[in-house]
Structure formats: structure tokens, C-alpha cells
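S.K.: Fold the following and give me the result.
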Amino acid sequence: QVQLVESGGGLVQAGGSLRLSCAASGRTFSRNPMGWFRQAPGKERERVAHISSLGSRTDYADSVKGRFAISRDNAKNTVYLQMNSLKPGDTAVYYCAAALDGKWVYWGQGTQVTVSS
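M.R.: Presented below is the predicted three-dimensional model:
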């Protein structure tokens, strides 16, 4: 059974940092692009960042560029999202996902990030 399990969410003050982790099990994702998405209450899910299979290419939503960094450790089958200079607008449930054949197929259950002002 394939599972993506996020961790590292929590409550932080504006300007603070959090590091999210997404551990995969059930299969290896070393050849799959991985991504982080988020969904705030009343809003659609949006892509935050994604990373190529070998980690050589990354891409970010404009709203997080310069503040967030995605990385991966294929030996651990894990992807990370370092979030710095957090803002109240970053409050959302954060999900990791793995792509297969160009589509985001596998999803985690999400982890809550709340940024207080």
C-alpha cells in the first residue's frame, strides 16, 4: 500500500519557520517528481512547489518564492519543505504529492500549518 505521510506542521508566529517532511512508503518515488500543495479554508488547493526526480529542478508559486525551499532525499524516500518568513496568509493544510505520467496521483493526508499575526 502506497502512503505519503506529512509531518512538521503546527502553530508558529509570523516571521517564524517550519520544516515539513513527507515520508513515502510502499514504493520508491526516486523517479517521480514530488510536490507540495496547500489548501486554505474556502479556497482551492494550490501548488506551492515541486521538485524533479533527481532534485535538479525546482519550481515555486510566486507567493512563496524566496521564502520556501523544497528538497528531497531519495535514499530516505522523503521530500521536505523548508518554510521561512511565514505569513498569516500561509495558513493552510499542506499536502505532499507524487506525480506519475505527468499527473499528481499519490497524495498525503495533509498537515495543518497555522501562522499567527
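S.K.: give me the beta-bridge partners of the residue most central in space within the chain?
M.R.: Geometric centre of the chain, nearest residue: residue 36, 2.8 Å, by Cα atoms, centre = their mean. Taking DSSP bridges as the rule, residue 36 bridges to residue 49, residue 96.
S.K.: Surely it is in contact with residue 69?
M.R.: No - look at residue 36 against residue 69 with Cβ atoms under 8 Å: they stay out of range, at 10.6 Å. Heads up, the C-betas are built off the backbone N, CA and C, glycines and all.
S.K.: Give the residues shared as contacts by the two.
M.R.: 49, 81 (Cβ atoms under 8 Å, 6 or more residues apart in numbering).
S.K.: okay, how far is it across stretch 43-53, tip to tip?
M.R.: 29 Å (Cα to Cα, to the nearest Å).
S.K.: got the contact list for it?
M.R.: 29-39, 57-61, 64, 68-72, 74, 79, 81, 92, 94-95, 99.
S.K.: buried residues in stretch 69-77?
M.R.: For stretch 69-77, burial by neighbour count (16 or more other Cβ atoms under 10 Å) applies to 69, 70, 72, 74, 77.
S.K.: Name the nearest residue to residue 108, sequence neighbours excluded.
M.R.: residue 4 (3.7 Å; Cβ to Cβ, 6 or more residues apart in numbering).
S.K.: Packing partners of whatever helix or strand the one you found lives in?
M.R.: In this assignment (DSSP states H and E), residue 4 forms part of strand 3-7. For strand 3-7, the packing partners by 3 or more Cβ pairs under 8 Å, 6 or more residues apart in numbering; DSSP states H and E come out as strand 18-25, strand 92-100.
S.K.: could you give the mean pLDDT of the last one?
M.R.: Just to be clear, that refers to strand 92-100. The pLDDT scores in strand 92-100 average 97.
S.K.: Next, the angle from it to strand 18-25.
M.R.: 40 degrees (axes from the mean of the first three to the mean of the last three Cα atoms, to 10 degrees).
S.K.: Which strands and helices lie in contact with strand 92-100?
M.R.: So strand 92-100, by 3+ Cβ pairs under 8 Å, 6+ apart, packs with strand 3-7, strand 18-25, strand 34-39, strand 78-83, strand 103-107, strand 111-116.
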